[in-house]
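> below is the structure, and that's it, no one-letter string:
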C-alpha cells in the first residue's frame, strides 16, 4: 500500500515563495509519474503540475507556468513543488498524487490512483 504525505504548506504573503514536499512510502515511487493538484474553497480540484518517473518530462497548468517547478528525488521517494511569486488565487489545499503509469504527465485525476491528505497554502495580500 502506498501512502503519500505532503508537508510545507503555510500562510505566506503575496509574492513570497514556498516549497511543498510529498514523501511516499512503498517501492513503487521511482517507477511512477507524480502530480500536484489543488482545491480552493468552493471550487473543483484542479491540476497543477506533473512529472514523469525519471523527472525528464514535466507539465504545468497555464496558471502556474513560470512560477511553479515540480521536481523529484527518487532516492528519497519525494516529489517537490517549488512555488514563487505566489498570488492570492494560489490559496488552496495542495495534494500530491501518484499516477497509474510511469510516463503519464497529464492532468486527468482519474489517471492517479493514490492521493495524499493535502496541505493548506494560504496567500494573503
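On my side now, so go ahead. Please read these numbers as outputs of a predicted model, since none were measured by experiment.
> chain neighbours aside, what residue packs nearest to the residue in the chain sticking out farthest from the centre?
No residue in the chain sits farther from the centre than residue 125, which is 22.9 Å out by C-alpha atoms, centre = their mean. Nearest non-adjacent residue to residue 125, counting by C-beta to C-beta, 6 or more residues apart in numbering: residue 14, 4.4 Å away. Quick note: C-beta positions are derived from backbone N, CA and C, even for glycine.
> and the pLDDT for that neighbour?
On the pLDDT scale, residue 14 is placed at 97.
> distance of it relative to residue 81?
Going from residue 14 to residue 81 by C-beta to C-beta, to the nearest Å gives 18 Å.
> how about the contacts made by the residue farthest from the centre of the chain?
For residue 125, the contact set (C-beta atoms under 8 Å, 6 or more residues apart in numbering) comprises 13-14, 88.
> how about the strands in this protein?
Counting by DSSP state E, the chain has strands at residues 4-7, 10-13, 18-24, 34-39, 46-51, 58-60, 68-73, 78-83, 92-99, 112-115, 119-124.
> as TSV, those strands with mean neighbour count and distance to residue 105 would be great.
TSV is the format used below for the strands of the chain (neighbours: other C-beta atoms under 10 Å; distance: least, C-beta to C-beta, whole Å):
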stretch	mean neighbour count	distance to residue 105
strand 4-7	18	18
strand 10-13	13	27
strand 18-24	20	16
strand 34-39	24	8
strand 46-51	22	5
strand 58-60	18	4
strand 68-73	18	10
strand 78-83	22	13
strand 92-99	23	8
strand 112-115	18	11
strand 119-124	17	22
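> JSON lines for those strands, including distance to residue 106?
JSON lines is the format used below for these (distance: least, C-beta to C-beta, whole Å):
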{"stretch": "strand 4-7", "distance to residue 106": "18"}
{"stretch": "strand 10-13", "distance to residue 106": "29"}
{"stretch": "strand 18-24", "distance to residue 106": "18"}
{"stretch": "strand 34-39", "distance to residue 106": "9"}
{"stretch": "strand 46-51", "distance to residue 106": "7"}
{"stretch": "strand 58-60", "distance to residue 106": "7"}
{"stretch": "strand 68-73", "distance to residue 106": "13"}
{"stretch": "strand 78-83", "distance to residue 106": "16"}
{"stretch": "strand 92-99", "distance to residue 106": "9"}
{"stretch": "strand 112-115", "distance to residue 106": "10"}
{"stretch": "strand 119-124", "distance to residue 106": "23"}
